[in-house]
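# need a 3D model of the sequence below.
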Amino acid sequence: MTLNSEYAIEVHNLTKRYKGLSAVDNISFTVKRGEVFALLGPNGAGKTTTVEIIDTIRKPTSGKVTLLGMDVTRKKYNIIPRIGVLPQGFSSFDRITVKETLQYYSRLFCCRKTDIDGLIAIVNLKDKVKVQYKNLSGGLKQRLGIAVALVNDPEIVFLDEPTTGLDPRARRAVWDVLLGLKKKGKTLFLTTHYMEEAELLADTVAIVKRGKITAMGSPGELIESNADYLVVMLKSVDENVFDMVRKMGFAPVYDSHGDIRVRLDRTDDVRRLLNAIEAGGASFTGLDVRKPNLEEVFLKLTDETLVEGSAGIKEAQ
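Okay, here's the model as predicted:
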């Protein structure tokens with residue numbers, strides 16, 4: 001792989017094995033400077049291992065990774081001052097305030113010129129400056145964690161599941177912060193279970209399964225090339241509809257609201273499905289027909305149910 005200043009990260013034939021198990025299996029990709037790159041995959045797919053190799057925490061079994069033009073296995077101490085990391089489950093000291101937290105981490109990382117007030121403004125915590133960490137909500141703690149990851153004004157920021165466990169309002173507040181960082185030209189490397197998060201934030205998405213990249217491209221490109229079908233949502237269905245749809249040869253799934261999603265390969269199947277339901281005397285109160293989103297692409301390519309942050313899709317038993 002040729003060194004190119006266009007790229008913040010270059011990964012070439014990266015492999016990581018543990019006692020014969022390939023957690024990361026010969027993957028290659030690049031991340032451009034200033035872009036948001038999202039790594040998606042089920043639990044155990046190798047996402048965290050990949051990130052920990054790139055940000056110098058782990059050593060690869062084989063392959064090469066360069067970050068800002070430097071080999072991550074040889075230039076660790078040159079790389080660390082130029083990156084920021086928000087680990088999954090960020091935590092701080094209960095009894096120090098927001099401002100004190102940032103002052104502490106600034107001193108810890110020897111960043112004496114950190115603009116503490118500027119960081120507080122970036123993550124929208126101006127009205128929480130004197131609030132102790134223990135009294136912050138989950139969403140506010142994550143925004144503070146992002147600010148901590150920025151104390152050294154890094155060129156690349158790694159965010160591991162930055163909104164896991166947050167309610168929708170808090171999640172969107174974190175997204176606003178990340179979009180602000182994107183506008184400032186930061187390179188963001190994101191792992192997430194939330195398809196909506198990746199679709200909103202990412203310029204490039206890589207989907208991994210069992211240590212391998214199964215697809216990569218912009219969210220739009222992945223949807224266009226992997227999801228040439230329709231998704232029909234039947235709302236408030238009675239008990240007979242699921243079995244009727246399955247007997248027609250389709251594969252319906254329930255979501256967390258008890259509604260049914262059905263994948264149809266042809267537009268003619270929509271009318272055939274509705275006619276069969278009507279002829280069978282079954283009923284439903286709502287119908288939604290649409291092209292698929294990144295979530296359907298993910299499920300198709302990984303054959304997995306999303307663990308967190310999904311629409312709660314599951315196969316009926």
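# mind listing the strands for the stretch 101-250 of the chain?
Secondary structure of the stretch 101-250 of the chain, counting by DSSP state E, counting those that start in this stretch: strands at 156-160, 187-192, 204-209, 212-217, 230-235.
# how distant is the last one from the center of its chain?
Here the centre of mass of C-alpha atoms in strand 230-235, compared against the chain's by Cα atoms, centre = their mean, to the nearest Å, lies 25 Å away.
# so for that strand, mean pLDDT?
Throughout strand 230-235, pLDDT has a mean value of 84.
# can you get me a residue count around residue 183?
Residues lying near residue 183 (other Cβ atoms under 10 Å) number 9. (C-beta placed from N, C-alpha, C; glycine too.)
# about what we covered before: can you add distance to residue 169 and mean neighbour count and give the strands of the stretch 101-250 of the chain back as TSV?
Below are the strands of the stretch 101-250 of the chain laid out as TSV (distance: least, Cβ to Cβ, whole Å; neighbours: other Cβ atoms under 10 Å):
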stretch	distance to residue 169	mean neighbour count
strand 156-160	19	23
strand 187-192	18	24
strand 204-209	25	24
strand 212-217	30	18
strand 230-235	24	18
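# mind putting the ones you listed in JSON lines, distance to residue 270 included?
Shown next, in JSON lines, are those (distance: least, Cβ to Cβ, whole Å):
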{"stretch": "strand 156-160", "distance to residue 270": "39"}
{"stretch": "strand 187-192", "distance to residue 270": "32"}
{"stretch": "strand 204-209", "distance to residue 270": "28"}
{"stretch": "strand 212-217", "distance to residue 270": "27"}
{"stretch": "strand 230-235", "distance to residue 270": "6"}
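# any idea how far residue 206 is from residue 217?
9 Å (Cβ to Cβ, to the nearest Å).
# also residue 20?
According to Cβ to Cβ, residue 20 stands 25 Å off from residue 206.
# can you check residue 150 too?
Going from residue 150 to residue 206 by Cβ to Cβ gives 24 Å.
# right, and the strands of the stretch 101-250 of the chain - which one's nearest residue 41?
Residue 41 sits nearest to strand 204-209 of all these, at 3.8 Å, using Cβ to Cβ.
# need the helices for the stretch 151-300 of the chain, in chain order.
Ranges of helices in the stretch 151-300 of the chain, per DSSP state H, counting those that start in this stretch, are 168-183, 195-201, 219-226, 240-247, 268-279, 294-302.
# for the nearest residue to residue 154 once chain neighbours are set aside, give me its contacts.
Leaving aside its chain neighbours, residue 154 sits nearest to residue 84 (3.6 Å; criterion: Cβ to Cβ, 6 or more residues apart in numbering). With contacts defined as Cβ atoms under 8 Å, 6 or more residues apart in numbering, residue 84 is in contact with 149-152, 154, 156-158.
# please repeat the previous calculation with a cut-off of 10 Å.
Taking Cβ atoms under 10 Å, 6 or more residues apart in numbering, we find residue 84 in contact with 55, 109, 146-159, 181, 186, 188.
# mind checking pLDDT for it?
96.
# ok, residue 257 next?
77.
# so what's the residue count around it?
By the measure other Cβ under 10 Å, the count of residues near residue 257 is 11.
# same thing with residue 18?
Residue 18: 10 surrounding residues under other Cβ under 10 Å.
# residue 299 now?
Around residue 299 there are 21 residues (other Cβ under 10 Å).
# what does the one 3 residues further on give?
By other Cβ under 10 Å, the residues close to residue 302 number 19.
# how about the nearest residue to it, chain neighbours excluded?
Spatial nearest neighbour of residue 302, chain neighbours left out: residue 209 (4.8 Å); criterion: Cβ to Cβ, 6+ apart.
# the one you found against residue 46, yeah?
Yes - with contact defined as Cβ atoms under 10 Å, residue 209 reaches residue 46; the gap is 8.7 Å.
# which neighbours do those two have in common?
Joint contacts of residue 209 and residue 46 (Cβ under 10 Å, 6+ apart) are residue 25.
# contacts only, for residue 94.
132-136.
# just the buried ones from the contacts of residue 84?
Neighbour counting by 16 or more other Cβ atoms under 10 Å classes 55, 146-152, 154-159, 181, 186, 188 among the contacts of residue 84 as buried.
# outline the domain layout of the chain.
Following automatic domain parsing, one gets these domains for the chain: 7-224, 228-291.
# mean pLDDT lowest where, among the ones you listed?
Least confidently modelled of those is domain 228-291, at a mean of 83 by mean pLDDT.
# gap between the two ends of that one?
End-to-end span of domain 228-291 (Cα to Cα, to the nearest Å): 8 Å.
# just give me how far that domain sits from the chain centre.
29 Å.
# what would the helices of the stretch 151-300 of the chain look like in TSV with distance to residue 78?
Putting the helices of the stretch 151-300 of the chain into TSV (distance: least, Cβ to Cβ, whole Å) gives the following:
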stretch	distance to residue 78
helix 168-183	23
helix 195-201	28
helix 219-226	33
helix 240-247	58
helix 268-279	57
helix 294-302	36
